[in-house]
Each structure stands twice: as C-alpha cells, then as structure tokens.
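A.B. asks: okay, predicted coordinates and the sequence, questions at the end:
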Protein chains: 2
Amino acid sequence: MKLAILFGGASFEHEISIVSAITVKEKLGAFDLSFIFCDQDHTFYRIDPSKMKAVTFSRGEHRKMPRLHMTNGGFEEKGLFGSKKYEMPVLNLIHGGDGEDGTIAAMLDFFGIPFIGPRKEASMLSFDKHYTKWFAESLGVKTLPYEILRKDDKRSVSTPYPFIIKPARLGSSIGVSVVREASELDYALDVAFEFDEVVLVEPFIAGVKEYNLAGFSARGEITYSIVEEPQKAEFLDFEKKYLDFSRSGKVEHAEVGDALVAQLRESFAKIYLPLFQGALIRCDFFEIEGEVYLNEINPIPGSMANYLFDDFGGSIQKLLGALPDKRSIRVQYDYIHSISQAKGK
Amino acid sequence: MKLAILFGGASFEHEISIVSAITVKEKLGAFDLSFIFCDQDHTFYRIDPSKMKAVTFSRGEHRKMPRLHMTNGGFEEKGLFGSKKYEMPVLNLIHGGDGEDGTIAAMLDFFGIPFIGPRKEASMLSFDKHYTKWFAESLGVKTLPYEILRKDDKRSVSTPYPFIIKPARLGSSIGVSVVREASELDYALDVAFEFDEVVLVEPFIAGVKEYNLAGFSARGEITYSIVEEPQKAEFLDFEKKYLDFSRSGKVEHAEVGDALVAQLRESFAKIYLPLFQGALIRCDFFEIEGEVYLNEINPIPGSMANYLFDDFGGSIQKLLGALPDKRSIRVQYDYIHSISQAKGK
C-alpha cells in the first residue's frame, strides 16, 4: 500500500516532525512509503528512504534531493525528460505551524490529494487553545477555567497561584511555564510571548491525574487506542518531549476502571465527530474528582501515537480506506446565462 | 501600482466572484491590474483584461488562456521558452468556499505572496456563522440569540416564529429562508441542508434596522467607510444579491446620529483588530432598541464594498502599503545537533 509521509514545515516543531517521521517509518514497514520533506523555506523535497536520518536535514543534504511541487492530484517531480507525478495518499506529519494550523490541510484539499490528518477547520479549532475552549464548551466537554492575555495587555492574572502559562498556538510544551508566585510571572510571560501574541492562563493542579487516548473513525466506528497515563516529570519541557516523539515501544494500558474509560471515550467521540474525520488524533485529559476534563487535542500526535495501538499498521490502513471526500461543487453559470439573455447578448 | 485580482473558485459563489471582479476592474482603473481566474477544477488562468466579461467564463473561453501555477513568491506561467513569474500583491476576491474559508489565504501565505484578504484564522471565524457567534461573544460584541441544527438532528426549533434559517457556512443569502409557521419548517431546512450540514436558527425581526460598515486598518489607524442602510426587500434572495455584487455607484450615508456611528465603529474595531489585518471587510449590523448587534462579517465583501468608500482606489493603495508580514521561523537544528552529539555521531 502506497503512502507518502509529509514532514518538516516552517515551525518551531520542525525538528520533532523529522523525529516523528523517522519513527513512523520504522512502524509502517509493511507500506510502500515515500517521504516528502517540507523545508523551512517551503520547498518540498523527495527524500530517499535510506536517507531518513536526522543528520540528512541538519546538514542540509536534503537540498541535493529532487524537488517536488504540489499540484492537482499529487506531487510532481520535474526531470530532464518530462515530469513524474506521485499520486498517493499523504500522511500529514508536520507538527505545529503549517501542519496543524490548517495550511497543509487546505492545500492538500485544494489540490484534491487524499490525506490522513485534520481538515482545515478541525486544525484551526485544535491549534489555538483558546478556540479549543470554545469548541469543547459548545460540545459539553469540560475544560479547566482559563484567562487570555495578549501581548499588550496589563500583566495581571486573577487565577490563583500556582498557574500554568501557555502560548495559545503551540504544542509540544514550547514556551510553557508553571508560575508559583508573583516574582515568576514576568519571566514566564516573556517566554510565552516569544512564541505567540496570545497566552492562556490555567490553574496548575499538582499531581493531577492525566490520561491520553488516541483514536480515529472509519466506516462509522471509532477505533480507540489503549488509555495511557503518561509518565511525567512535573511537566514535560521541550527537550524531554522531543525524545517523546521518537517513542515506538508499546506502553501499558493505564490502571483505570471501566467507568473512567467510558467517560474518556465519550468525551473523545464528542470531540472527534464529525470534524476530525480523516485524522488520527490524541486527546489529553485530566481527571479531577472523578470528572474528565479535556486538556488538549493533538490532531497530529507525536509519531502518530503509534505506541498506543496494538496494530498501528492495520489502523493506518483502516483509516486510509475511509478518508472523507471533499464535496465538489458544480458551477453551471445559470445566473450569468440568465443575465446575458436579459441583456440580449 | 501592480495588483492581481484573484477570482472564481470552486464554490456556490463562483459566479458572483466573476461579477465582483468585473466591477472592481472598473473601479481600480489607476492600477496596473492582472486577472487570475481560479476555475472550478482549481486550475488557475491568466485572463487578458480585455476579456474580463462574464461570458468569457460561462462559455469556457478562459480555458484557452495561459495557465498559472502558484509557487514561492508568485504565480508562474510556463511558456515554450522558459517560464514567467507574476510577482505582485494579490487581491483575494474569491467569495465563499476557497476564498473565504481560509484555503486561498493559507496557500498565499504558504507561498509568501502578499495579499489583501482575511488570513486563514480570520477566515475560519467569519466563514462559519456559528464560530462568528463564539468570536463576537468573546469580544463583548452582541449578536442575536441562536440555535444550531445538524442534518441528523431532530427537526425541532425552540426559537419562536418567525425565525430565519441559514446554512452555517455560506454567504450571499444562499439557502436562507424566513419561517413563519410550523408548516414551512421542513422545506426551509431541506433547502438549507442542501448547502451545509449545519444550520443556524435566529429570530426574524421584521423591519429591524440594518446598517453596514466597511473598513480596514493601515499603519495603526482604521479607515471607516460611510455607514449604509441597505435597501432591501424583506430580505435579499440570491438573484437580487447577485446584482448587488455589481454595484459601483456611490451610496448615501445613512441618516444616523453620531452616537450610533460611534457604536458601529467601536464594534467594528473590536472585530477587526488584530485578526482581520490585511483585509478590507464589511460588517453588517442590526440596531435594536439603540443597541448594536453583529449580523455577519463579510471578510471579502461583494465588489469590495467599493461604493461605500469616497476614494476606493486610494483605500486599496493604503491597504497594500500595510499588509501584515507572516512571521518567519528560523529552524536551527539545535536539538538534532545536541542529540547527534550525545550519540557520538
């Protein structure tokens, strides 16, 4: 089965996308894989599978490889004697900007290239943590209370200490800080505003239980992963999380009762359907006093959360068989015809 | 001053985009204009200015014109003896799907092509009337109460009659009905669900005052248009609105007091800043008992609402001089370097 892994992107998560792609390559050995790298200048390159190593990119060796152009139906490679088209489904594995903000989804959709990944609307609602709050609230899925601060706002927060500060539009813990007292606030905001104009403030609950659940829908049925209780230092900084993107070993199903699993799945389904169809997503939840709270939606989770699925290859195959079609619109020029007739031309 | 008008698109508003482009051509005579047509199959064509007539498109004559490809920095035209690049700012005049849903914005941004029009995030929030409600609410801008109905939901509405039914994601009055009694509900829903899976129900207030205000921000200052009180039949159906897209004559400033103008401008500014920078938008408001309510945001208004500006050409020029830059991210491969060093390679 042919599949192109699209990775890289002009984003703070460029490097973890490379790590993700290398990990997914190992896990999808049964597929006929192509690799398409989106460089930070937005040039696409076809990467020889044998060159799928981190140093290929850090040394700039990818720039010697064939260039690709996105075009109707697939990626095109121009050669001396004509051009070759790569027409196959794409797995969008660009984390962060470009990949998770809806840009790549919009382009793949525009060019009619089938892909695994969130569609542009789903991307925008999950990429911005502020919009995720609106979205979850409208679905009746609980989230922690929050405040929004903009770069030019007065730096005052009414959430009691300790609280957590996050750039609104980044994943992978970049720019995230726990603030325990007033003296730490300015620095934490400086860090977060390095990455975004808008930051989110949420209460920090020490020792809160966290549960991650991944899944996807195909042919009217959701396939859920196991529930993971992520191992964590107090929380993950970027370097630890970076290593996390190369995870490929199986993890244990968390020791949770059936009632909690049912709650997690119910919240997952509310979020997933119908907007995330075509994507394999991971939702990260908190459990507080028996209630489930959505922490965040990862619409392109690190290494596609392969380690949470018993049969990752089979899952990807199942999802590939059930990608949503973009509804096509047929323009008939009825109005122009009727107006032209009325004018007598 | 060079400017490319991008119009067409695979959307129900394809034809009105053509009409808009023809109208804007008349109004921007002082510019050095190019015309780029996006066909319903997503092929781009360069249209000779002398062929900017509706029948060019309804007869399919555009398909004999040179094809363009979107690429880094501009649109490219391939010829027998090499290729030519059109590097100039673009006015995104694709109404509805493709143009107003964030697709074209994502692509232009990805390829680093400067453009007038809403950015993808602004597009998403204005394209879907449901998200516009969330957005306005978060800004403290009033909107009418509403209900959401999905295609598979039970067809029961709790808003009292008469109410208005709108597809969530279309502009130009397509699929919109006023429902006065229970017997009209099914048909109105059938019509709306032809165009979208999600519909919005809002109270219909006969004779409500409507005011439209357009504007844009450049160099820290918002330029407002005059306030228009749109002439209307009870409400505009698509054919009437279609003709509305060809408007080029000046309109009268509505007879409104300074206090209302100030309220309208205040609401406009809350909506516009900072998300809509780079766009010239028109906000349509209701006035009910002295209070201003947002009806909808038109981030690419018909014929760019040229008829509301005293100096439309000057306004476009001012906006072109102040287009937002997409923040570029420099990937340094720090993590890959440090991990490679730790591994000793």
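C.D. replies: Happy to help now that I have it.

A.B. asks: any stretches of chain A with poor pLDDT?
C.D. replies: Where chain A drops to pLDDT under 70, the residues are A:171-172, A:232-244, A:327, A:339-345.

A.B. asks: assign the residue nearest the centre of it to helix, strand or coil.
C.D. replies: Centroid-nearest residue in chain A, with C-alpha atoms, centre = their mean: A:Ile300, separated by 2.7 Å. Look at A:Ile300: counting by DSSP: H, G, I helix; E, B strand; the rest coil, its state is coil.

A.B. asks: that one against A:Asp98, yeah?
C.D. replies: No. Contact criterion C-beta atoms under 8 Å: A:Ile300 and A:Asp98 do not qualify, at 10.7 Å. (C-beta placed from N, C-alpha, C; glycine too.)

A.B. asks: mind jotting down where the strands sit in the stretch 151-300 of chain A?
C.D. replies: In the stretch 151-300 of chain A, the strands defined using DSSP state E, counting those that start in this stretch lie at A:163-167, A:177-179, A:198-203, A:209-218, A:221-228, A:281-288, A:291-298.

A.B. asks: distance between the fifth one and the chain's centre?
C.D. replies: Taking the mean C-alpha point of strand A:221-228 and that of its whole chain, the gap between them comes to 17 Å (C-alpha atoms, centre = their mean, to the nearest Å).

A.B. asks: same deal with the shortest one?
C.D. replies: Distance, stretch centre to chain centre, for strand A:177-179: 24 Å (C-alpha atoms, centre = their mean).

A.B. asks: check which strands are paired with it and give the direction for each one.
C.D. replies: strand A:163-167 (antiparallel) (DSSP bridges).

A.B. asks: go on, the fourth one?
C.D. replies: Each strand pairing with strand A:209-218, determined using DSSP bridges, is listed with its direction: strand A:221-228 (antiparallel), strand A:281-288 (antiparallel).

A.B. asks: with only the CA atoms kept, save stretch A:160-172 in CSV.
C.D. replies: The C-alpha coordinates for stretch A:160-172 follow below in CSV (Å, rounded to 0.1, in the frame of the first residue of the first chain):
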residue,chain,number,x,y,z
PRO,A,160,-4.7,31.9,42.0
TYR,A,161,-1.1,30.6,42.2
PRO,A,162,0.2,28.2,41.1
PHE,A,163,-0.9,28.6,37.5
ILE,A,164,0.4,27.5,34.1
ILE,A,165,1.1,29.8,31.2
LYS,A,166,0.9,28.6,27.6
PRO,A,167,1.3,30.3,24.3
ALA,A,168,-2.2,29.9,22.7
ARG,A,169,-1.0,28.4,19.5
LEU,A,170,1.9,26.0,20.1
GLY,A,171,2.1,22.4,21.1
SER,A,172,4.9,20.3,22.5
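
A.B. asks: distance from the chain centre to it, please.
C.D. replies: So, by C-alpha atoms, centre = their mean, the centroid of stretch A:160-172 is 18 Å from its chain's centroid.

A.B. asks: in it, what counts as buried?
C.D. replies: Of all the residues in stretch A:160-172, those buried under the rule 16 or more other C-beta atoms under 10 Å in any protein chain shown are A:163-172.

A.B. asks: what does the stretch 101-250 of chain A have sitting close to chain B?
C.D. replies: Counting by C-beta under 8 Å from any C-beta of the partner chain, the residues of the stretch 101-250 of chain A close to chain B are A:101-103, A:106-107, A:109-112, A:120-121, A:124, A:128, A:130-131, A:134, A:138, A:197, A:238-239, A:242-243.

A.B. asks: make a PyMOL selection of the buried ones in the residues you listed.
C.D. replies: If you want just the buried ones from these in PyMOL, going by 16+ other C-beta under 10 Å, the selection is:
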select buried, chain A and resi 101+102+103+106+107+109+110+112+120+121+124+128+130+131+134+238+242
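
A.B. asks: of the strands of the stretch 151-300 of chain A, flag the one that's most buried.
C.D. replies: strand A:163-167 (a mean of 23; mean count of other C-beta atoms under 10 Å in any protein chain shown).

A.B. asks: who's in contact with that one?
C.D. replies: Applying C-beta atoms under 8 Å, 6 or more residues apart in numbering or on different chains, the contact partners of strand A:163-167 are A:129, A:157, A:174-179, A:188-189, A:191-193, A:195-196, A:198-204, A:235.

A.B. asks: same thing but 10 Å
C.D. replies: A:12, A:128-129, A:144, A:146-147, A:149, A:157, A:159, A:173-180, A:184-185, A:187-189, A:191-205, A:235, A:296 (C-beta atoms under 10 Å, 6 or more residues apart in numbering or on different chains).

A.B. asks: quick one, domains of chain A?
C.D. replies: A:2-116, A:124-142+A:207-320, A:147-203 (automatic domain parsing).

A.B. asks: tell me which of those is the most buried.
C.D. replies: Stretch with highest mean neighbour count among the domains of chain A: domain A:2-116 (a mean of 20; mean count of other C-beta under 10 Å).

A.B. asks: can you pull out the helices in the stretch 1-150 of chain A?
C.D. replies: A:14-27, A:54-58, A:103-110, A:120-127, A:129-139 (DSSP state H, counting those that start in this stretch).

A.B. asks: out of the ones you listed, which is closest to A:Thr223?
C.D. replies: Nearest to A:Thr223 among the helices of the stretch 1-150 of chain A is helix A:14-27 (16.1 Å), distances taken as C-beta to C-beta.

A.B. asks: the closest one vs chain B: in contact?
C.D. replies: Yes. Legend: contact between helix A:14-27 and chain B by C-beta under 10 Å from any C-beta of the partner chain is shown at A:14-16, A:18-19.

A.B. asks: related to what we said a few turns ago, which one of the domains of chain A lies nearest to B:Leu91?
C.D. replies: domain A:2-116 (18.7 Å).

A.B. asks: and the closest one, how far out from the chain's middle?
C.D. replies: 15 Å.

A.B. asks: measure it end to end?
C.D. replies: 13 Å (C-alpha to C-alpha, to the nearest Å).

A.B. asks: then stretch A:21-34?
C.D. replies: 11 Å.

A.B. asks: can you name the residue of the stretch 101-250 of chain A nearest chain B?
C.D. replies: Distance from chain B to each residue of the stretch 101-250 of chain A (C-beta to the nearest C-beta) is smallest for A:Ala106, at 3.8 Å.

A.B. asks: hang on, A:Gly102 packs against B:Lys120?
C.D. replies: Yes. Using C-beta atoms under 10 Å, A:Gly102 is in contact with B:Lys120, at 5.8 Å.

A.B. asks: quick check: neighbours shared by these two?
C.D. replies: A:120, A:123-124, B:101-103, B:105-106.

A.B. asks: of the residues you listed, which pair is most distant in space?
C.D. replies: A:Ser123 and B:Ala105 (13.2 Å).

A.B. asks: tell me, what's touching these two both at once?
C.D. replies: A:102-103, A:106, B:120, B:124.

A.B. asks: kindly reformat the helices of the stretch 1-150 of chain A as TSV containing distance to A:Lys85.
C.D. replies: Formatted as TSV, the helices of the stretch 1-150 of chain A follow (distance: least, C-beta to C-beta, whole Å):
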stretch	distance to A:Lys85
helix A:14-27	22
helix A:54-58	24
helix A:103-110	15
helix A:120-127	24
helix A:129-139	36
